[in-house]
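>>> Okay, predicted coordinates and the sequence, questions at the end:
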Amino acid sequence: MLRKTKIVATLGPASSDPEVIERMIRAGVDVFRLNFSHGTAEEHIERSRIVRAASERVGRPVAILADLQGPKIRIGRFADGKVELERHQRFILDAACEVGDNTRVGLDYPELPRDVSPGTILLLDDGRIVLDVVEVVGDEIHTRVTLGGELSNNKGINRRGGGLSAPALTAKDLEDVQIAARMGADFVAVSFPRSAEDMQRARQLMLDAGGHALMIAKIERAEATQERVLVQILKASDGIMVARGDLAVEVGDAAVPALQKWMIGLARKYNKLTITATQMMESMISSPLPTRAEVSDVANAVLDGTDAVMLSAETAAGRYPVETVEAMSRICKEAEKFDPTTLDQDFLSLELERVDQSIAMAALVTAHQLRAKAIAALTQSGSTALWVSRFHTHAPIYALTSETTTVRRAALFRGVQPIAIASITDDRERLLKEVERILLLHGAVEPGDLVVTTVGEPLGQSGGTNSLKVMEIGQRVD
């Protein structure tokens, strides 16, 4: 059984060895994430080189996602490295403080005092410490501790309900976009975007740097979950990441499951990609088996229709990176057995304006009615395969393309198996016979099977899909 849902795995100290990376690809990784919050430019470039080489050896297309750090707002450092905060005590966040103690600590974001007022709730260290703002005096934020505990150096700060004004792209991000372009990253994840303009700026920076990566918006600010804002972000992006960590801190953990389902559904409606992330199999950092709750979490994301599920520390720093990928792959396959084909329902509100979209939708209906064994999309940009993959279909989708960039991008599309083919632009019949040969070679079909094929004429033009062909494997192509 082909797995529809794709797996994104983060590289780190536990998974930078070429042999481990190759084993992870064989175990099922479709996209490797490079977390620019950690590591040097040289380390990321070297890891990307190792991934490309391992993908070539295994013979499976694997994409690279460069994840920008974004404006992570943090406290400063303490004289003793950490302090213990007691409930109800007063504590000051002081933009002018260089070395903190039990009464105050510095900030790496001096504008924070302008973003808060009495009554604002600040959450430190992913919500483990909760501060209630009492007053703002110049560069000092005077707070009362409502949830205490140990607080150590450089922990992050969130504001409950969102509203921090820090820009989505920092000076470090601007440099990292250049690095992502140099390594030929296939996707760039933008942290904490607040608007379509943030995504448009990131895309332009990538183009200016000579790169062509697709843009993924990480939804982790409360204000980005407003429908009007999210729709604008979706339209300016190629996909979203449901970044449940920081999002849960801002909106409350109980709100995240429903938001996840809604965001995935909305993204699919707008033909955008989705990645569901954060603590999906956290226990496997130190355990060879996931918990039952983690199994349910991954399975529910699959049933929500996400394109991909993501591993973070589990593969970057965990003891069992390969085993974690294998476990996630098993869970996805089992969940997909209950993935319904609901074309009639999905098509009720469908509005199409382009010929290539209409052909893609016609391919879905034809494959559904004829119970075709596969859908083969001959594509330059990957758009046809993406559109087909937005709907629940029984048939595996094969994106056949001569474009290396498209092969890698399609590795993230749910239900799509990308295959590289030689460029054939002068003979339609020869091209269709080549499609048949490749599908037989990959074990996707057998003689007598029906395959629905989409193709554009003239051949070889991007965005020109305008023809549909039902092929019976083993019969003459007319």
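Good, I have the coordinates. These numbers were taken from a predicted model, which means no experiment stands behind them.

>>> And the residue nearest the centre of the protein?
Residue closest to the mean C-alpha point of the chain, counted by CA atoms, centre = their mean, is residue 275 at 3.5 Å.

>>> after the helix or strand where that one lies, next one along is what?
Element membership of residue 275 [criterion: DSSP states H and E] is strand 273-277. Remark: after strand 273-277, the chain's next helix or strand is helix 292-304, criterion DSSP H and E.

>>> what separates the helix or strand following that next one from the chain centre, distance-wise?
Later in the chain than helix 292-304, the nearest helix or strand by DSSP H and E is strand 308-311. Relative to its chain's centre, strand 308-311 lies at 7 Å (CA atoms, centre = their mean, to the nearest Å).

>>> which secondary structure elements does strand 308-311 contact?
strand 6-10, strand 273-277, helix 292-304, helix 321-336 (3 or more CB pairs under 8 Å, 6 or more residues apart in numbering; DSSP states H and E). Bear in mind the C-beta positions are built from the backbone N, C-alpha and C, glycine included.

>>> picking that back up, just checking, the residue nearest to the centre of the chain touches residue 304?
No: taking contacts as CB atoms under 8 Å, residue 275 lies outside contact range of residue 304: 11.9 Å.

>>> so what's residue 104 up against?
Taking CB atoms under 8 Å, 6 or more residues apart in numbering, we find residue 104 in contact with 91-94, 97, 140.

>>> taking the residues you listed one by one, which sit in strands?
Members of these lying in strands (criterion: DSSP state E): 91-94, 140.

>>> and which of these is nearest to residue 449?
residue 93 (65.0 Å; CB to CB).

>>> For the stretch 1-150 of the chain, give me the ranges with low pLDDT.
Counting by pLDDT under 70, the stretch 1-150 of the chain has low-confidence residues at 1.

>>> where along it do the helices fall?
18-27, 41-58, 112-115 (DSSP state H, counting those that start in this stretch).

>>> closest one to residue 236 among these?
The nearest among the helices of the stretch 1-150 of the chain, by CB to CB, is helix 112-115 at 24.2 Å.

>>> in that closest one, what's buried?
112-113, 115 (16 or more other CB atoms under 10 Å).

>>> Please name every helix or strand in contact with it.
Checking 3+ CB pairs under 8 Å, 6+ apart, helix 112-115 ends up next to strand 140-147.

>>> partners of the strand it packs on in the sheet?
Counting by DSSP bridges, the strands paired with strand 140-147 are strand 90-94 (antiparallel), strand 129-137 (antiparallel).

>>> and these, which is most packed in?
strand 90-94 (a mean of 20; mean count of other CB atoms under 10 Å).

>>> mind saving the C-alpha coords of that strand as CSV?
The C-alpha coordinates for strand 90-94 follow below in CSV (Å, rounded to 0.1, in the frame of the first residue of the first chain):
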residue,chain,number,x,y,z
ARG,A,90,6.7,40.7,41.8
PHE,A,91,9.1,40.3,38.9
ILE,A,92,10.3,42.9,36.4
LEU,A,93,11.1,42.4,32.7
ASP,A,94,13.6,45.2,32.1
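
>>> could you pull out the strands for the stretch 151-300 of the chain?
157-159, 187-190, 214-219, 239-243, 273-277 (DSSP state E, counting those that start in this stretch).

>>> Note down every partner strand of the longest one and its orientation.
If I follow you right, that is strand 214-219. strand 187-190 (parallel), strand 239-243 (parallel).

>>> Out of the ones you listed, which gets nearest to residue 59?
Between those, strand 187-190 lies closest to residue 59; by CB to CB that is 21.5 Å.

>>> Measure how far the closest one is from the centre of its chain, please.
Centre-to-centre, strand 187-190 and its host chain are 8 Å apart (CA atoms, centre = their mean).

>>> Below-threshold pLDDT in the stretch 351-478 of the chain: ranges please.
Checking the stretch 351-478 of the chain against pLDDT under 70 turns up 351-353, 424-426, 458-463, 476-478.

>>> hang on, isn't residue 120 packed against residue 130?
No: with contacts counted by CB under 8 Å, residue 120 stays clear of residue 130, the gap being 11.4 Å.

>>> ok so, going back, which residues touch the residue nearest to the centre of the chain?
8, 216, 239-242, 306-310, 412.

>>> ok, so of those, who is nearest residue 365?
Distances from residue 365 to the contacts of residue 275, taken by CB to CB, are shortest for residue 307, at 21.9 Å.

>>> Check the closest one and give its pLDDT.
Note on residue 307: pLDDT of 98.

>>> What's the local residue count around it?
28 (other CB atoms under 10 Å).

>>> in terms of contact, does it touch residue 6 like I think?
Yes: Residue 307 is within contact range of residue 6, at 6.0 Å (criterion: CB under 8 Å).

>>> Need the overlap of contacts for the two.
412-414.

>>> Neighbour-wise, which one of these leads?
Result: residue 412 is most packed of the shared contacts of residue 307 and residue 6 (other CB under 10 Å), 29 neighbours.

>>> ok, now how distant is that one from residue 175?
25 Å (CB to CB, to the nearest Å).

>>> any idea how this protein splits into domains?
6-70+168-336, 77-159, 343-472 (automatic domain parsing).

>>> was I right about residue 68 contacting residue 173?
Yes: taking CB under 8 Å as the definition, residue 68 is a contact partner of residue 173 at 4.6 Å.

>>> In terms of neighbours, single out the busier of these two.
residue 68 (25 against 21).

>>> Tell me which residues touch the more buried one, please.
Neighbours of residue 68 in contact, by CB under 8 Å, 6+ apart: 36, 169, 173, 176-177, 188-191, 202.

>>> switch to 10 Å and redo it
35-37, 168-170, 172-174, 176-177, 180, 188-192, 202, 216, 218 (CB atoms under 10 Å, 6 or more residues apart in numbering).

>>> Kindly report the same for residue 112.
Applying CB under 10 Å, 6+ apart, the residues near residue 112 are 73, 75, 93, 95, 122, 136, 139, 141, 157, 159, 164-166.

>>> Of those residues, just the buried ones, PyMOL syntax please.
Those of those that count as buried under 16+ other CB under 10 Å are selected in PyMOL with:
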select buried, resi 73+75+93+95+122+136+139+141+157+159+164+166
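
>>> what's the closest of the contacts of residue 112 to residue 222?
For those, the nearest to residue 222 is residue 159 (8.3 Å; CB to CB).

>>> Just confirm residue 432 contacts residue 453, I think it does.
Yes: in this structure, residue 432 is within contact of residue 453 by CB atoms under 10 Å, at 6.6 Å.
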